[in-house]
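K.L.:
Okay, structure incoming, though there's no sequence with it:
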């Protein structure tokens, strides 16, 4: 690793606030437990037992969290420890005598706190308060305040959502919300038209003093977003919400959970338009859509901005990623499948977008996405056509440049029937086989990402046979096998015989 | 001493397995754990207590990068992806593993 890369990485890590690190760790671990719970429910367990079992399987959450925090805080922590070391040693010596005198009393208090923590139902609840002001320190009345409240009553994770409106003095209050003797976490998001969306996430340990939340909202740009679906049609009457806002400068991230979507109160009109004056120019934004994939965009200066699947990195370019597909004789290949994986970094955040199209009668293809001048990009384009050996091209492009049209020249594939057999020599019938990769002698590997497998999947017949006319003789081929019992990858060298038996030695995996 | 070696071997192999699981596509932590369990025919059950610290450590080392995206259930999730450094590390660890495995096989008489 180069010194500059190390410095950059260190800078990136140290630039993130402890609050952001804590929040992300919590969210990541919560997501894992939720997934496990869902799987257990699917396997027939009751929701209550599933939640309990998922938490049990997860292990000691606090320890995992602490380990991740230690790694996340990294050098910052060690630097602080080193600087504080001398002071701590001095203080420790003085404090030791006092500690001896008070330890018995403290132990009693700790015991009492532990007992209290086991009895959350009887705890008096405290209010959560806060204040919303603008960049001139004037109160913002009428701001919507969305709260995600996390708690762990009896050791079980619990998440609830609430909404309030700031009063004429910009103040808000969630009455009798939390038990101060227990650990609590709060994500408070503030939305006020004409001002930037802001949020703050804080975790308080048991018995910690919860401070009032204070927000100073900046001026936002007036924006009309025109939301399109994957087919390019406007999405009418869609509930949309700002799920993430990352300002162009600084480490802050402001977010809103899906649970608060309805309370956010944004809906597209018949033309897919929605007014949203919550962002500043240059913000990287993730827009959640109820019932659809979220959309990522960077806020530009225009009053209206078209967004949608495949337009996520920036406004769609007139050029996009495009090219031609020919066979070895120079004839255009029509109806070839063209699979695209587009990787972009809007606002410094990585995102990956799969797309698919087909070539026209002239062998041309064009995606409405990618090949933008204004950002770094990487994309994998794979072309698959019956009777031709499939090819892929991986391109990395820096900001300020555009890629020339991609020219594919596909050579003829050998006519091939693959016969899949299990370890006992029996045919593997009704197995779904996806093209995964092929490597020609002394050349790069042509790849297809797993997300594109549904487009390049074929099924064996009752004799375990499947025609796969996509490889050249001498290729090292990889296929992904998917059965009702699981999936696995197999690799083989393509010979010159019309029929080739593959022994799938490994037992097909169980899910 | 023996237990130290065992721990170090297991930790090394976990990194390699995580890198391998990200070789072709981005995955979130839960998906990595499921993938390793599935392809190893339920033999490898990565504990969450090891998985998440390992992911964060590997990200810190620059072997993997992360991004927040939408999960299969349309829930916000943290995805990990192999970096160019991670690809190199995977190659190094794979070679080292092969050599070790072959050496053990020779000692045990599994290989002529």
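P.N.:
In hand now; what should we look at? From a predicted model like this one, the values you see are computed outputs, not experimental measurements. Numbers count the residues shown, from 1 in each chain, chains lettered A, B, ... in the order given.
K.L.:
what about the longest helix along chain B, average pLDDT?
P.N.:
Counting residues, the longest helix found in chain B (DSSP state H) is helix B:84-108. Per-residue pLDDT over helix B:84-108 has a mean of 86.
K.L.:
for that helix, packing partners?
P.N.:
Here helix B:84-108 touches helix B:2-21, going by 3 or more CB pairs under 8 Å, 6 or more residues apart in numbering or on different chains; DSSP states H and E. From N, CA and C alone the C-beta is placed, and that goes for glycine too.
K.L.:
Any buried residues in the longest helix of chain B, and which?
P.N.:
B:85, B:86, B:89, B:90, B:93 (16 or more other CB atoms under 10 Å in any protein chain shown).
K.L.:
Would you convert those residues into JSON lines that also reports distance to residue A:452?
P.N.:
Shown next, in JSON lines, are those (distance: CB to CB, whole Å):
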{"residue": "B:85", "distance to residue A:452": "26"}
{"residue": "B:86", "distance to residue A:452": "22"}
{"residue": "B:89", "distance to residue A:452": "26"}
{"residue": "B:90", "distance to residue A:452": "22"}
{"residue": "B:93", "distance to residue A:452": "27"}
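K.L.:
out of those, what pair is the most spread apart?
P.N.:
B:85 and B:93 (12.3 Å; CB to CB).
K.L.:
what do these two both touch?
P.N.:
Jointly contacting residue B:85 and residue B:93 under the rule CB atoms under 8 Å, 6 or more residues apart in numbering or on different chains is no residue at all.
K.L.:
nearest spatial neighbour of residue A:247, skipping sequence neighbours?
P.N.:
residue A:283 (5.6 Å; CB to CB, 6 or more residues apart in numbering or on different chains).
K.L.:
Measure how buried that neighbour is and give me the count.
P.N.:
Applying other CB atoms under 10 Å in any protein chain shown, we find 23 residues neighbouring residue A:283.
K.L.:
so what's it up against?
P.N.:
Per CB under 8 Å, 6+ apart, neighbours of residue A:283: A:196, A:245, A:246, A:247, A:248, A:298, A:299, A:347.
K.L.:
Please report how far the closest residue to residue A:438 other than its chain neighbours lies from residue A:325.
P.N.:
Nearest non-adjacent residue to residue A:438, counting by CB to CB, 6+ apart: residue A:475, 4.6 Å away. Residue A:475 sits 19 Å away from residue A:325, going by CB to CB, to the nearest Å.
K.L.:
The two: which is more packed in?
P.N.:
residue A:325 (28 against 24).
K.L.:
Sketch out the low-pLDDT regions of chain B for me.
P.N.:
Scanning chain B for pLDDT under 70 picks out B:1-12, B:74, B:111-112.
K.L.:
hmm, 80 instead?
P.N.:
In the predicted model, chain B carries pLDDT under 80 at residues B:1-12, B:40-49, B:70-75, B:109-112.
K.L.:
What parts of it come near chain A?
P.N.:
B:24-26, B:28-30, B:33, B:38-39, B:41-42, B:47-49, B:52-53, B:56-57, B:60, B:62, B:65-71, B:73-78, B:81, B:85 (CB under 8 Å from any CB of the partner chain).
K.L.:
Flag every residue of the stretch 51-200 of chain A that's near chain B.
P.N.:
Near chain B, when you scan the stretch 51-200 of chain A using CB under 8 Å from any CB, you find A:57, A:58, A:59, A:60, A:63, A:64, A:67, A:68, A:71, A:72, A:74.
K.L.:
Among these, name the ones in helices.
P.N.:
A:57, A:58, A:63, A:64, A:67, A:68, A:71, A:72.
K.L.:
Now, of the residues you listed, which are buried?
P.N.:
Applying 16+ other CB under 10 Å to these flags A:58, A:64, A:67, A:68, A:71, A:72 as buried.
K.L.:
Take these and lay them out in TSV including pLDDT.
P.N.:
Shown next, in TSV, are these (pLDDT from 0 to 100):
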residue	pLDDT
A:58	75
A:64	85
A:67	85
A:68	87
A:71	81
A:72	74
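K.L.:
thinking again about what came up before, and the ones in helices among the residues of the stretch 51-200 of chain A next to chain B, which is closest to residue A:460?
P.N.:
Of these, the one sitting nearest to residue A:460 (CB to CB) turns out to be residue A:57, at 36.1 Å.
K.L.:
what's the closest non-adjacent residue to the closest one?
P.N.:
residue A:36 (6.3 Å).
K.L.:
I figured the one you found was touching residue A:51, is that so?
P.N.:
No - Residue A:36 is beyond contact range of residue A:51, at 9.3 Å (criterion: CB atoms under 8 Å).
K.L.:
Tell me which stretches of chain A form helices.
P.N.:
Going by DSSP H, chain A shows helices at A:3-15, A:18-42, A:47-58, A:61-73, A:75-117, A:261-264.
K.L.:
Comparing these, which yields the minimum mean pLDDT?
P.N.:
helix A:3-15 (a mean of 45).
K.L.:
Spit out the contact partners of residue 69.
P.N.:
Just so you know, I chose chain A. A:21, A:22, A:25.
K.L.:
should've been chain B
P.N.:
With CB under 8 Å, 6+ apart, residue B:69 has these contacts: A:351, A:352, B:26, B:76, B:77, B:79.
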